[in-house]
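Q: sharing a model prediction with you, sequence too.
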Amino acid sequence: MNNSKIYLSSPHMGGTEQSYVNEAFDTNWIAPLGPNVEGFEKDLESYLGNQNHVAALSSGTAALHLALILLGVERGDEVICQSMTFSASANPIVYQGATPIFVDSEPETWNICPNYLEEAIKDRIAKGKKPKAIITVHLYGMPYKVDEIKKISEKYGIPIVEDSAEALGSSYKGQKCGTFGDISILSFNGNKIITTSGGGALVSRNLKHKEKAIFLATQARDNAPHYQHSEIGYNYRLSNISAGIGRGQMEVLDKHIGLRRRMNQFYQDIFRKSMGVKVFSEPNPDYFSNHWLSCILVDKNICGFSSEDFRLAMAENNIESRPLWKPMHLQPVFKNAPYYGSDISEKLFEIGLCLPSGSNLINKEKVKINDVLIRFIDI
Ligand SMILES: *Cc1c(COP(=O)(O)O)cnc(C)c1O
């Protein structure tokens, strides 16, 4: 990677990753199975707690796809999904031949709005189809309104697929994100809070979910000496090499969360006295964000410049920044999907910006970021 460029979020190795990978080479476990895969799953299980079971998979997207299959989502079904998210939250709905129903965000956590969610469920039921699942997301590591969403899920008997790809290490009322769904998923892509270079996991308190996920992820082979198949399978298991990286990363996860949270504090300090710029932070002490990415909202009417002005100034200095996730209901590929809500997520997209947030940013880089940003603050 280009050393002089400052990235939003780049891989940050702790140091022991390579020894797990070397061990895999030394023992010739170069396959999508082996001791690192099981070791990584155990590490995640003890980190998440609450008697959860973890299946290590090739990506977060694969985990979402298997979650929908485990919940019986089929052609013609409808699945509700938070609109403001990365496309990978919604794509697996279409892999299954089902229809995504998008729901707006609320302004406190930027995640799925309980009111619009209930409106969507009622209207879909009135139109003749009860949604099969609700995909919720903890955007940028910020927990969604867990209690309110869970209440609605229980009231209507619709299971939750919790997309915790960005929120490993975040918690709500002391309980870890990744443990709130009927099925939850994690991602270990290169830009996430920990990485296995590419990877993901499916999480559930139901051991059968883990077993079935691994069965489907390894080509759905029946128990026979020959290759026998009664179901369509996938090649979605995590490799033993990648899992080795994951084991090393688990040793530094909490330290890296501390560093990401300090980056958030760094931006709060910069913008403390700026009226028009707000740094995204927890609404109250029930919420604990890993601050995977630190984001700001820029109100041009108050400060006289826009998030795009910030972005261009950063780019000029070889510093990466990026608008927030563009809501799915505004994406050309989903233009025909039903949508429930108003313009909350659309407004966030218009005035929001993600800033460099990596746990590996050094002092010199922070000084450079600070120098660019303070030009916009006149105090
Ligand atoms: C990264 C991400 C995913 C997908 O994970 P991959 O491991 O890249 O497939 C899904 N949802 C959200 C919200 C993400 O940020």
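A: Now that the structure is in, tell me what you want to look at.
Q: tell me the contacts of the residue lying closest to residue 4 once chain neighbours are set aside?
A: Using CB to CB, 6 or more residues apart in numbering and skipping residues adjacent in sequence, the residue nearest residue 4 is residue 318, 6.1 Å away. C-beta coordinates here come from the backbone N, C-alpha and C atoms, glycine included. Contact partners of residue 318, counting by CB atoms under 8 Å, 6 or more residues apart in numbering, are 4, 5, 6.
Q: which of these are buried?
A: residue 6 (16 or more other CB atoms under 10 Å).
Q: how about the residues of the stretch 1-150 of the chain by the ligand?
A: Neighbours of the ligand within the stretch 1-150 of the chain, by CB under 6 Å from any ligand atom: 59, 60, 61, 85, 86, 88, 89, 137.
Q: out of these, flag the one nearest to the ligand.
A: residue 60 (2.6 Å; CB to the nearest ligand atom).
Q: could you count how many residues lie near the closest one?
A: Using other CB atoms under 10 Å, residue 60 is surrounded by 27 other residues.
Q: list the contacts of it.
A: Contacts of residue 60 (CB under 8 Å, 6+ apart): 88, 163, 165, 185, 186, 187, 188, 189, 200, 201.
Q: from those, which land in strands?
A: 163, 185, 186, 187, 200, 201 (DSSP state E).
Q: overlap between the residues you listed and the residues near the ligand?
A: Within the ones in strands among the contacts of residue 60, those near the ligand by CB under 6 Å from any ligand atom are 163, 187, 200.
Q: let's see the pLDDT reported for the second one.
A: Read that as residue 187. pLDDT for residue 187: 98.
Q: ok, the first one next?
A: Residue 163 is assigned a predicted lDDT (pLDDT) of 98.
Q: if we ignore the residues flanking it in sequence, what's nearest it?
A: Going by CB to CB, 6+ apart, residue 163 has residue 137 as its nearest residue, at 4.4 Å.
Q: how about the residues of the stretch 201-350 of the chain near the ligand?
A: Counting by CB under 6 Å from any ligand atom, the stretch 201-350 of the chain has no residue next to the ligand.
Q: what about 8 Å?
A: Residues of the stretch 201-350 of the chain lying close to the ligand (CB under 8 Å from any ligand atom) are residue 325.
Q: for the stretch 201-350 of the chain, which segments count as strands?
A: 277-279, 287-288, 294-298, 322-323, 339-340 (DSSP state E, counting those that start in this stretch).
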